[in-house]
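# test case, fold it:
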Amino acid sequence: MVREVSSVPRAARSAGAADRSAFYSAAALDLALVLLFAILGRSSHGEANDVRGLLHTAGPFLVGALLGQGLSRSWRRPVSLTTGVVVWLCTVTVGVALRLAGGDTARLPFVIVATVTLALLLVGWRLLYALVRLRRSPRRSVRR
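Residues are numbered from 1 along each chain as shown. Predicted coordinates:
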């Protein structure tokens with residue numbers, strides 16, 4: 001008997017198609033925003049945004065974001081603020097640690113800018129999403 005192996009967590013496989021779509025969309029958006037962070041950083045320092053250079057800069061942070069997706073079990077609640085905070089903290093800490101392990105620098109100003117920028121990106125979009133959903137939800141009438 002051959003058993004099919006899936007890279008998708010069991011919880012995501014058993015969830016509905018809409019839930020899987022939300023998980024994949026949120027994860028893809030997180031990774032795209034980490035790439036944007038690297039593009040902005042490289043551009044602000046006058047560095048070329050060629051594929052190799054971009055992957056060198058973004059790679060450690062992409063690894064951190066993926067780890068954050070797993071640790072937060074983001075397939076359960078991909079757009080929650082809690083998931084965003086875990087993904088953000090993992091992205092920053094793992095990204096900086098891997099940069100240092102690879103021989104790159106991570107001076108305090110860089111760490112501060114990375115922390116703030118990635119918070120705005122990875123938690124910020126979830127906050128905006130929550131606010132839009134809140135505004136679109138049916139208003140409950142207040143009884144007097």
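
# any idea how far residue 20 is from residue 27?
Residue 20 sits 11 Å away from residue 27, going by C-beta to C-beta, to the nearest Å. For every residue, glycine as well, the C-beta is placed using N, CA and C.

# kindly apply the preceding question to residue 120 instead.
Note on residue 120: its distance to residue 27, by C-beta to C-beta, is 18 Å.

# more neighbours: which of the two?
Taking neighbours as other C-beta atoms under 10 Å, residue 120 and residue 27 compare with residue 27 leading, 18 against 14.

# ok, then the element right after the one helix or strand the more buried one maps to?
According to DSSP states H and E, residue 27 maps onto helix 17-44. The C-terminal neighbour of helix 17-44 among helices and strands, as given by DSSP H and E, is helix 51-71.

# what residue ranges in this protein score low on pLDDT?
Counting by pLDDT under 70, the ranges of the chain that qualify are 1-18, 139-144.

# please repeat the previous calculation with a cut-off of 80.
1-18, 49, 137-144 (pLDDT under 80).

# phi, psi for the nearest residue to residue 39 once chain neighbours are set aside please.
Spatially, and ignoring its direct neighbours in sequence, residue 39 is nearest to residue 49 (5.5 Å; C-beta to C-beta, 6 or more residues apart in numbering). Torsion angles at residue 49 (phi, psi; degrees, to the nearest 10) stand at phi -100, psi 50.

# backbone dihedrals for residue 77, please?
Torsion angles at residue 77 (phi, psi; degrees, to the nearest 10) stand at phi -140, psi 70.

# who's in contact with the residue nearest the centre of the chain?
Centroid-nearest residue in the chain, with C-alpha atoms, centre = their mean: residue 30, separated by 3.3 Å. By C-beta atoms under 8 Å, 6 or more residues apart in numbering, residue 30 lies in contact with 65, 68-69, 87, 91, 122.

# related to what we said a few turns ago, between helix 51-71 and the helix holding residue 27, find me the angle.
Relative orientation of helix 17-44 and helix 51-71, computed by axes from the mean of the first three to the mean of the last three C-alpha atoms, to 10 degrees: 140 degrees.

# which positions in helix 17-44 come out as buried?
For helix 17-44, a neighbour-count test (16 or more other C-beta atoms under 10 Å) marks 19-20, 22-23, 26-27, 29-31, 33-35, 37-38, 41-42 as buried.
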